[in-house]
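In: After the sequence you'll find the predicted model.
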Amino acid sequence: MSLDKVYEKVVERNQGEEEFHQAVEEVLESIEPAMEKHPEFADAKVVERLVEPERQIIFRVPWKDDDGEVHVNRGFRVQFNSAIGPYKGGIRFHPSVYIGIIKFLGFEQIFKNSLTGIAMGGGKGGSDFNPKGKSDDEIMRFCQNFMNELYRHIGPDTDVPAGDIGVGGREIGYMYGQYRKIRNRFEGVLTGKTPEWGGSLVRPEATGYGLVYFTQEMLNSNNIDLKGKDVLLSGSGNVAQYALEKCIEQGANVVTLSDSDGTIYDPEGIDEEKKEYVFELKQERRGRIREYAEKYDVEYVEDGKPWGFDADIALPSATQNEIQEEDAQKLTDNDIIAVGEGANMPSTPAAIEIYQQNDILYGPAKACNAGGVAVSGLEMAQNSQRESWTFEEVDKRLHGIMKNIHETCYKTSRKYGDEGNLAMGANVGGFVKVAKAMLDQGVI
């Protein structure tokens, strides 16, 4: 079956799941050179098997709020591919969550995890539960009831979930406590734990740090220095916060941050003092980014995006499809030299086409934001060895992994005939490793 036919069947069998369709189409468009080089992949129907999850789990999650009222949410876990290791991927709590979002994220996770070089398959989970405005007790009750079903499907050698949007250390702790109570085992079944009971240092920082490390490698390979460059950064959550921290450390000048209400523009750049204010605003007070604009008397664009401001580098780190075609054109018009994706699939296909047509250096999400799952993999290793590594040791390993991912993407793009196309290199590099493992293990 041709790749076009595979895609048509995916759309037919997964109707209405637009994010999943987009993720599949983006990969299938890239892997044609690999299919030509490896006809055995077509013979074994590797692609047809790859786009179909090994397992999809949907379950109800009833819980009581503080007033005793019962609510019912949906829980999801999609175990997409385990050819190279146990399923690995985060749990997302957000009202937008439905099966299509979880499948898009789980599909992306296959290739992202493959690129890290760590033995991890691809999976993802979540719920349409909204943690915003809920008390700690309400969140605890929800997490416990979520785990009352999920525990049946996970384990340290089967499926190891992590956090994602709406799921941080607090939620991981509540879920882990319930898992431990039900299974009577203390084992490395969740990552993103706090360091006091099995978590890894650098895990909160990992995705943001990894994004900057990859972008740095992408620039270095073109004899460009990150130091002194102005950076448009979207979002103000975990990824954006630690990308900001690492940019400051590397001498780059971040001039924007955003949230769902709007964008701030600080042409002088966010220095160490301002960064600490952002951390306090978002981590402790859960405030809105407009408060930054009020405190430091800078421009605030309500409902606005960062992409129209002058800068050298763009790091979209908020959500999927946040850079549309017109946004990408603004970046091009303002002579942006590089885009590194911190969020999952933040650029639409039309936006990516504009990057490539205008020779903008482009680091795709499945490569750029693999730092989070990489350190989750390192947390799994520490759990297996009953060890805890220092911050410096984990950060050094993370930096090395991101450097290797960039090298894999570049070398793969050259090997398969499109040198410098890191999007193709990421897709093909991740795909070929998984496809070969699937062949080795037979038709299962």
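Out: The structure has been received and is ready for your questions.
In: Going by C-alpha atoms from here, please, whenever you check contacts or count neighbours.
Out: OK.
In: Give me the neighbour count for the closest residue in space to Pro195 that isn't next to it in sequence.
Out: Distance criterion Cα to Cα, 6 or more residues apart in numbering; nearest residue to Pro195, sequence neighbours excluded, is Leu201 at 6.4 Å. Using other Cα atoms under 10 Å, Leu201 is surrounded by 23 other residues.
In: Over to Leu378?
Out: Per other Cα under 10 Å, the neighbour tally for Leu378 reads 22.
In: rewinding a little: in a helix, that's where the residue nearest to Pro195 is, yeah?
Out: No - per DSSP: H, G, I helix; E, B strand; the rest coil, Leu201 lies outside any helix segment and is coil.
In: That one reaches Thr191, doesn't it?
Out: No - with contacts counted by Cα atoms under 8 Å, Leu201 stays clear of Thr191, the gap being 11.2 Å.
In: distance of Ala162 from Glu69?
Out: Computed as Cα to Cα, to the nearest Å, the Ala162 to Glu69 distance reads 29 Å.
In: what about those two, which has more around it?
Out: Set side by side, Ala162 and Glu69 show more neighbours around Ala162, with 24 against 8, by other Cα under 10 Å.
In: Next, the contact list for the closest residue to the more buried one other than its chain neighbours, please.
Out: Of all residues not flanking Ala162 in the chain, Gly90 sits nearest, at 4.2 Å (Cα to Cα, 6+ apart). Shown in contact with Gly90 (Cα atoms under 8 Å, 6 or more residues apart in numbering): 123-126, 161-164.
In: could you measure Gly90 against Cys409, distance?
Out: From Gly90 to Cys409 the distance is 24 Å (Cα to Cα).
In: same question, Thr390
Out: 29 Å.
In: what do you get for Glu217?
Out: 11 Å.
In: for the chain, longest strand please?
Out: Longest strand in the chain by number of residues (criterion: DSSP state E): strand 70-81.
In: Remind me which helix or strand the residue nearest to Ala162 belongs to.
Out: strand 87-93 (DSSP states H and E).
In: now the angle from the helix or strand immediately after that strand in the chain to strand 87-93?
Out: Next helix or strand after strand 87-93 toward the C-terminus (DSSP H and E): helix 99-116. Angle, helix 99-116 to strand 87-93, by axes from the mean of the first three to the mean of the last three Cα atoms, to 10 degrees: 140 degrees.
In: Show me what helix 99-116 is packed against.
Out: helix 18-30, strand 70-81, strand 87-93, strand 121-127, helix 365-368, helix 371-385, helix 391-415, helix 422-440 (3 or more Cα pairs under 8 Å, 6 or more residues apart in numbering; DSSP states H and E).
In: need those in JSON lines with mean pLDDT and distance to Arg141, can you?
Out: Shown next, in JSON lines, are the helices and strands packed on helix 99-116 (pLDDT from 0 to 100; distance: least, Cα to Cα, whole Å):
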{"stretch": "helix 18-30", "mean pLDDT": "96", "distance to Arg141": "30"}
{"stretch": "strand 70-81", "mean pLDDT": "98", "distance to Arg141": "11"}
{"stretch": "strand 87-93", "mean pLDDT": "97", "distance to Arg141": "14"}
{"stretch": "strand 121-127", "mean pLDDT": "98", "distance to Arg141": "14"}
{"stretch": "helix 365-368", "mean pLDDT": "96", "distance to Arg141": "33"}
{"stretch": "helix 371-385", "mean pLDDT": "97", "distance to Arg141": "25"}
{"stretch": "helix 391-415", "mean pLDDT": "98", "distance to Arg141": "33"}
{"stretch": "helix 422-440", "mean pLDDT": "97", "distance to Arg141": "38"}
